[in-house]
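Trainee: predicted model and sequence follow; I will ask about them next.
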Amino acid sequence: MKKYDYILVGSGLFSGVFAYHAVKAGKKCLVVEKRETVGGNLYCEDMEGIHVHKYGAHIFHTSNRKVWQFVNSLVEFNRYTNSPVANYHGEMYNMPFNMNTFSKMWNISTPQEAKEIIEKQKASIQGEPKNLEEQAISLVGEDIYKKLVKGYTEKQWGRDCKDLPAFI
């Protein structure tokens, strides 16, 4: 005699959605979770009325109307505008980078000025990039790479960008 139709390891987004639909279809699911809480990395703790992302910020994005309607039928969303900034030696820059970023970085005011600076800096890489550092510079120039890409990427991968392959 079978007890479960599906055994799901972890209670993150995929398992939650899968189990929801499986149960609606009359199936029995067992969800095995090693943590004390469900929701995987989406889990938030309530700290004095503030939702704190225990496992790092996770922001839900979709342009699919059916997906948006589905998730809204299950949970209530907080209004949130993602407006991150990067701190490079005390200099604060908008992320993702935009004209505000370029204006602060280079004291310019037009997209054409930004494009000219980026193109000039990109030219320092000749031929096929050999590593991630060269790839990034060939795409965004040296200043943006040094101030907005390098530190984050090296922290993420735990390695120097020169030691990472160009395709990352």
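Mentor: Arrived safely. Residues are numbered from 1 along each chain as shown.
Trainee: so the residue nearest to L74 when sequence neighbours are not counted is in which element?
Mentor: Among residues not flanking L74 along the chain, Y20 sits closest, at 7.5 Å (CB to CB, 6 or more residues apart in numbering). Quick note: C-beta positions are derived from backbone N, CA and C, even for glycine. Here Y20 sits within helix 13-24, counting by DSSP states H and E.
Trainee: identify each buried residue in the helix or strand following that helix, please.
Mentor: As assigned by DSSP H and E, the chain's next helix or strand after helix 13-24 is strand 29-32. Buried residues in strand 29-32, counting neighbours by 16 or more other CB atoms under 10 Å, are found at 29, 31.
Trainee: stretch 128-139 too?
Mentor: Buried residues in stretch 128-139, counting neighbours by 16+ other CB under 10 Å, are found at 129, 132-138.
Trainee: tell me how far K3 lies from C29.
Mentor: From K3 across to C29, the span is 10 Å (CB to CB, to the nearest Å).
Trainee: for the protein, what spans make up the strands?
Mentor: Secondary structure of the chain (DSSP state E): strands at 6-9, 29-32, 44-47, 50-53, 85-88, 91-94.
Trainee: which stretch among those comes nearest G158?
Mentor: Each of the strands of the chain has some distance to G158 by CB to CB; the shortest is strand 85-88, at 19.1 Å.
Trainee: quick one: average pLDDT of that closest one?
Mentor: Averaged across strand 85-88, the pLDDT comes to 92.
Trainee: would you turn the strands of the chain into a markdown table with distance to F60?
Mentor: Below are these laid out as a markdown table (distance: least, CB to CB, whole Å):
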| stretch | distance to F60 |
| --- | --- |
| strand 6-9 | 20 |
| strand 29-32 | 20 |
| strand 44-47 | 12 |
| strand 50-53 | 12 |
| strand 85-88 | 21 |
| strand 91-94 | 22 |
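Trainee: to V149, which of those strands lies closest?
Mentor: Closest approach to V149 among these (CB to CB): strand 85-88, 9.4 Å.
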